[in-house]
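*Asks:* Pasted the sequence and its predicted model underneath.
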Amino acid sequence: MFCDLHLHSDCSDGELSPAGLLTTIAAAGVRVAALTDHDTVEGVDRARARAAECGVHLVSGIEMTAYTPGRVVHVLGLGIRLDNSGLRAANGVASRVWSQNQERWIKALSLSGASVSWSRDFADHPVRLPVLIERLCRRGVAGGDPHRCYQNFLLYFDGLPRRAYADLPTPEQAAAIIRAAGGLAILAHPRRLGDEGMIRQLLDQVDGLEAMYAAYSSLQRRQLRTLARRTGKLYSGGSDYHGFFQAAYENPRFQMPPSLAAYLKIV
């Protein structure tokens, strides 16, 4: 039973609508999926309706943005209840932080000579990342090249000071919020966090890690599965598909881990 438990729609920074995304992955042979938009569950009900039509078991999900000194950490929530008040509050905080950091970047670009204005071009802030990139390209940022503009975005946001992320939950707090909403907290794309020591430190605070990540090699996936087993943690798998700046969707052909299926009550 092929699964993809890390997917994004146009409710956050993905290209496809929730329904369009489910149509796409179902056609590719995925039978268990999770919509894990960044800091929002807005699209889950629409995805679920289409999933039922396509014969896909949809797991309600989210990708929460957390912060530990020096780095942003993403924590997937799988099997969450959408109406949880703590989750809604955390999403509101993340939206505010995203808006503030958008403003920082736009004003920095303006000071560097770019023909862009926060009040004129982003009065409807915060905007989704693809919209942000598109509007900046229209104003000539990075020569109007969306790929260059996106790389500039990554560089700037990676260099933001600690205070820019101070209001976000820690990974441990994000995991607690997810558990209170009835879900499992999974460390997303763990190899982005650095060495195994950092991964192990964060793994102590969550329920599992995303060992089967589409961008990783077979060796890297095997090493992460071994780490999960040694630490008594669950592991998940996903493509982290967004659409923008990626090729067409491909089924990562990950089998649903039996232990994770049991926790999520998937038969």
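*Replies:* Structure received. Numbers count the residues shown, from 1 in each chain.
*Asks:* how about the strands of the stretch 51-200 of the chain, start to end?
*Replies:* Here the stretch 51-200 of the chain has its strands, by DSSP state E, counting those that start in this stretch, at 57-68, 71-78, 184-187.
*Asks:* Now mean neighbour count too, for those, in JSON lines please.
*Replies:* In short, each C-beta sits where N, CA and C put it, glycine included. Output for these, formatted as JSON lines (neighbours: other C-beta atoms under 10 Å):
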{"stretch": "strand 57-68", "mean neighbour count": "24"}
{"stretch": "strand 71-78", "mean neighbour count": "24"}
{"stretch": "strand 184-187", "mean neighbour count": "27"}
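*Asks:* could the ones you listed go into JSON lines alongside mean pLDDT and distance to Tyr213?
*Replies:* As requested, the strands of the stretch 51-200 of the chain are exported to JSON lines (pLDDT from 0 to 100; distance: least, C-beta to C-beta, whole Å):
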{"stretch": "strand 57-68", "mean pLDDT": "97", "distance to Tyr213": "13"}
{"stretch": "strand 71-78", "mean pLDDT": "96", "distance to Tyr213": "11"}
{"stretch": "strand 184-187", "mean pLDDT": "98", "distance to Tyr213": "11"}
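*Asks:* Nearest to Pro130, out of these?
*Replies:* Of all the strands of the stretch 51-200 of the chain, strand 57-68 sits nearest to Pro130, with 16.0 Å by C-beta to C-beta.
*Asks:* And that closest one, what does it pack against?
*Replies:* With contacts defined as 3 or more C-beta pairs under 8 Å, 6 or more residues apart in numbering; DSSP states H and E, the packing partners of strand 57-68 are strand 2-7, strand 32-35, helix 44-54, strand 71-78, helix 85-111, helix 171-180.
*Asks:* Quick check: mean pLDDT of the shortest one?
*Replies:* Read it as strand 32-35. Averaging pLDDT along strand 32-35 yields 98.
*Asks:* The strands of the stretch 51-200 of the chain: which one's closest to Gln255?
*Replies:* strand 57-68 (13.9 Å).
*Asks:* now the closest one, how far from the centre of its chain.
*Replies:* Strand 57-68 sits 6 Å away from the centroid of its parent chain (C-alpha atoms, centre = their mean, to the nearest Å).
*Asks:* Helix 171-180 and that strand, what's the angle between them?
*Replies:* Between strand 57-68 and helix 171-180, the angle comes out at 150 degrees (axes from the mean of the first three to the mean of the last three C-alpha atoms, to 10 degrees).
*Asks:* Format the CA atom coordinates belonging to strand 57-68 as CSV.
*Replies:* Extracted C-alpha coordinates of strand 57-68, given in CSV (Å, rounded to 0.1, in the frame of the first residue of the first chain):
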residue,chain,number,x,y,z
HIS,A,57,-7.2,7.1,2.7
LEU,A,58,-6.5,10.6,3.8
VAL,A,59,-4.7,11.3,7.1
SER,A,60,-5.4,14.7,8.5
GLY,A,61,-2.1,16.5,8.9
ILE,A,62,-0.1,19.7,9.2
GLU,A,63,3.5,20.8,9.1
MET,A,64,4.2,23.0,12.1
THR,A,65,7.0,25.6,12.0
ALA,A,66,9.0,25.5,15.2
TYR,A,67,12.3,27.1,16.3
THR,A,68,15.2,25.9,18.4
